[in-house]
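> no sequence on hand, only this structure:
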């Protein structure tokens with residue numbers, strides 16, 4: 001549930017107050033802060049948000065395999081955003097999208113975080129950077145191809161995962177075989193799976209059932 005402060009609600013219902021978007025991008029080396037307002041905005045007393053053209057599309061919230069995400073397009077003629085994201089390559093870029101309410105003098109009356117996540121996709125076009133920001137729950141939609149197997153999953157005997165360096169030349173991928181080779185630390189299976197097959201819940205096992213015949 002996203003909680004909006006009373007100050008923001010009061011501002012939205014008043015014609016004298018003006019809403020603005022505050023965007024914050026955080027890397028390992030720098031923090032960038034921007035606002036859609038025409039003038040610099042100080043939020044939390046000391047953090048300066050510089051005016052910059054940006055568009056925040058509708059934030060998508062969902063459940064199941066639908067990932068919470070938002071798309072953001074930022075004017076980047078001076079390539080400030082591009083340089084911060086691209087260098088060093090592969091760094092994590094955190095993103096916070098806030099809505100703030102300003103009075104007639106541009107002072108912040110209240111602000112609320114409406115989305116927090118990491119930049120998962122980005123690309124640069126002439127004068128613009130487009131970002132896709134996903135929430136920390138994005139991995140929930142990842143489909144794994146791994147299965148739980150009682151036998152060893154490593155396909156290559158004496159390979160990188162197996163790491164067996166003895167004199168044996170074959171393996172049947174069972175735990176007992178791996179134990180005989182003294183290599184159980186590298187066993188790639190789930191040996192308890194077979195032990196769970198055909199098991200009956202003890203609570204259900206003690207129950208008795210009767211058939212009523214007419």
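Arrived safely, thanks for sending. Here the structure is a predicted model, which is why all the values come from computation and not from measurement.
> report how many residues lie close to residue 50.
The local packing count at residue 50 equals 13, with neighbours defined by other Cβ atoms under 10 Å. The way it works is simple: take the backbone N, C-alpha and C, and place the C-beta from them, glycine included.
> what residues are up against it?
Residue 50 is in contact with 33, 34, 35, 40, counting by Cβ atoms under 8 Å, 6 or more residues apart in numbering.
> bridging residues for the third one?
Following DSSP bridges, residue 35 is listed with bridge partners residue 22, residue 51.
> quick check on the contacts of residue 50: which are buried?
A residue is treated as buried here by neighbour count (16 or more other Cβ atoms under 10 Å); on that basis the buried members of the contacts of residue 50 are 33, 34, 35.
> tell me the one among those residues nearest to residue 92.
Distance from residue 92 was checked for each of the buried ones among the contacts of residue 50 by Cβ to Cβ. The minimum falls on residue 33, at 17.8 Å.
> pretty sure that closest one contacts residue 21?
No: applying Cβ atoms under 8 Å as the test, residue 33 and residue 21 come out as separate, 11.4 Å apart.
> picking up where we left off before, which of the buried ones among the contacts of residue 50 sits closest to residue 131?
residue 34 (11.9 Å).
> who touches that closest one in this structure?
In this structure, residue 34 makes contact with 22, 23, 24, 49, 50, 51, 52, 54, 74, judged by Cβ under 8 Å, 6+ apart.
> most widely separated two among those residues?
Within the contacts of residue 34, 24 and 51 form the most distant pair, 14.6 Å apart (Cβ to Cβ).
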